[in-house]
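Undergrad: Would you be able to build a 3D model of this:
(one chain, ligands or ions: 1)
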Amino acid sequence: MGLTEEDKQRVRAIWVPVSRHAEAVGVEVLTRLIAAHPTTKTYFHHLDLSPDSAQLKALGKKVVDALSCAVENLDDLPGALGKLSELHAFELRVSPSSFECLNHCILVTVGAHSRGSLDPALLLSVDKFLGSVARVLTSCHR
Ligand code: HEM
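TA: Model prediction:
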């Protein structure tokens, strides 16, 4: 199901503080990913993912910045994420299930920092947004 205008407004609002702390959020998301879903580590075997690693910080920031770009282009996600889709599907060959794991970690991270302000409706909108991003990034698989 696509994002409604209400979903888009909620996602834009929630994403303001996230985009301002892109590196810290990204590091937390990736750290949660490899801790909760250790098999995803294989995708990052060539990177140093230890705490405080410069590579972890750089990748974390890149991932959140890409999501911020998607939030700025909610009406054209395929256009905003086209190059990343080719990278993840053809070069990195990331499985659709890994996207579900990552999205879960993004939701947990955003929720953990919302100080109770993330009500179920907001959470649902973010969930729908992340699902739409994953569909675009895995669309080359089909
Ligand atoms: C919300 C979904 C995702 C977004 C927005 C995203 C975004 C990005 C971005 C922006 C880059 C850097 C591309 C570049 O340097 O040109 C990247 C690289 C990468 N991504 Fe993703 N990604 C997502 C999901 C995933 C998932 C689920 C995995 C695997 C579990 C993954 C594995 C990788 C790997 C291995 C790299 C290359 C890292 C490197 O060699 O520096 N990504 N991703």
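
Undergrad: Quick check: residue 80 vs residue 66, distance?
TA: 8 Å (C-beta to C-beta, to the nearest Å). Yep, even glycine has a C-beta here, placed from its N, CA and C like the rest.

Undergrad: cool, residue 86 as well?
TA: Counting by C-beta to C-beta - residue 86 and residue 66 are separated by 13 Å.

Undergrad: which of those two has more neighbours?
TA: residue 66 (18 against 14; other C-beta atoms under 10 Å).

Undergrad: residues touching that one, list them.
TA: Residues in contact with residue 66 (C-beta atoms under 8 Å, 6 or more residues apart in numbering) are 81, 84.

Undergrad: For it, pull up the helix or strand it's in.
TA: Element membership of residue 66, judged by DSSP states H and E, is helix 54-72.

Undergrad: What parts of the protein come near the ligand?
TA: Within the chain, the positions near the ligand by C-beta under 6 Å from any ligand atom are 40, 43-44, 47, 59, 62-63, 66-67, 84, 87-88, 92, 94, 98-99, 102, 133, 137.

Undergrad: Among those residues, name the buried ones.
TA: For the residues of the chain next to the ligand, a neighbour count by 16 or more other C-beta atoms under 10 Å gives the buried set as 40, 43-44, 59, 63, 66-67, 84, 88, 94, 98-99, 102, 133, 137.

Undergrad: Check those and tell me the two furthest apart.
TA: The distance between the two most remote of these (C-beta to C-beta) is 19.2 Å, for 44 and 133.

Undergrad: Show me where this protein has its strands.
TA: Along the chain, counting by DSSP state E, no stretch forms strands.

Undergrad: how about the helices in it?
TA: Secondary structure of the chain (DSSP state H): helices at 5-20, 22-36, 54-72, 77-86, 96-112, 120-137.

Undergrad: so can I have CSV of these showing mean pLDDT?
TA: Formatted as CSV, the helices of the chain follow (pLDDT from 0 to 100):
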stretch, mean pLDDT
helix 5-20, 96
helix 22-36, 98
helix 54-72, 98
helix 77-86, 94
helix 96-112, 96
helix 120-137, 95
